[in-house]
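A.B. asks: Got a predicted structure here, sequence first:
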Amino acid sequence: MARKNPNIVITGTPGVGKTTHAEQLAQSLGFRHVSVNQIVKDEGFHEGRDEKLGSWVVDEDKLLDYLEATNLSETGGVILDWHACELFPERWIDLVIVLRCDSTVLYDRLTARGYKDKKLEENMDSEIMQVLLDEARESYREEIVVELRSDKDGDVEGNIERVEMWVDQWRKDHAGEE
Ligand code: ADP
């Protein structure tokens, strides 16, 4: 059966604003915000931490099985928030939002979060080299990948409005599908 609502991935380097956008969008659209990092932590879908990078070494098979069991591909209406995206099967996903941020702004956000040394450096490099944007473009059809700025407060509002309009259009385009 075709899903009645789209599934959206929000991705980008840590600190770009994924959680901020995902929470607001989930609220305004009535969608479910799935914080993948939180699931990895809560459910123990990892093989410990990479101490240098300060991130989890994720057990991708367990994570995927867990997400599959939520039936998101049939129900739709899910916002997947994660600093990676290639893992999610294409058939689950209708829109991939890659948030981008100016490097000086990101530097301030990450240092405020206590990132330093290698962890700070790797994430700054990742944003400057647009690693997540390239990953999204390599993993999904070009027309479902959008790059949005998240430098200032007004960007969030503008982005939310834009995604709401896109969801409206998606619903119209898919109305009546069984
Ligand atoms: P992520 O989930 O990608 O790690 P967060 O949503 O947690 O990012 O945002 C990191 C920090 O930056 C938070 O303090 C948040 O309030 C701030 N922030 C995110 N996006 C914006 C924006 N567009 N304008 C101003 N502050 C932002």
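C.D. replies: Noted; the coordinates are in hand. Residues are numbered from 1 along each chain as shown.
A.B. asks: So which residues of the chain form strands?
C.D. replies: Along the chain, counting by DSSP state E, strands occupy 8-11, 32-35, 46-50, 55-58, 78-81, 95-100, 145-149.
A.B. asks: partners of the fifth one in the sheet?
C.D. replies: In its sheet, strand 78-81 lies beside strand 8-11 (parallel), strand 32-35 (parallel), with partners assigned from DSSP bridges.
A.B. asks: same thing with the third one?
C.D. replies: Strand 46-50 has the following strand partners under DSSP bridges: strand 55-58 (antiparallel).
A.B. asks: How many residues are close by F31?
C.D. replies: 19 (other CB atoms under 10 Å). (Glycine included, C-beta is placed from N, CA and C.)
A.B. asks: if I pick it, what's in contact with it?
C.D. replies: Applying CB atoms under 8 Å, 6 or more residues apart in numbering to F31 gives the contacts N5, I8, L25, G77, V78, I79.
A.B. asks: same thing but 6 Å
C.D. replies: Going by CB atoms under 6 Å, 6 or more residues apart in numbering, F31 touches G77, I79.
A.B. asks: can you pull the buried residues of stretch 31-46?
C.D. replies: Buried residues in stretch 31-46, counted by 16 or more other CB atoms under 10 Å: F31, R32, H33, V34, S35, V36, N37, I39, V40, F45, H46.
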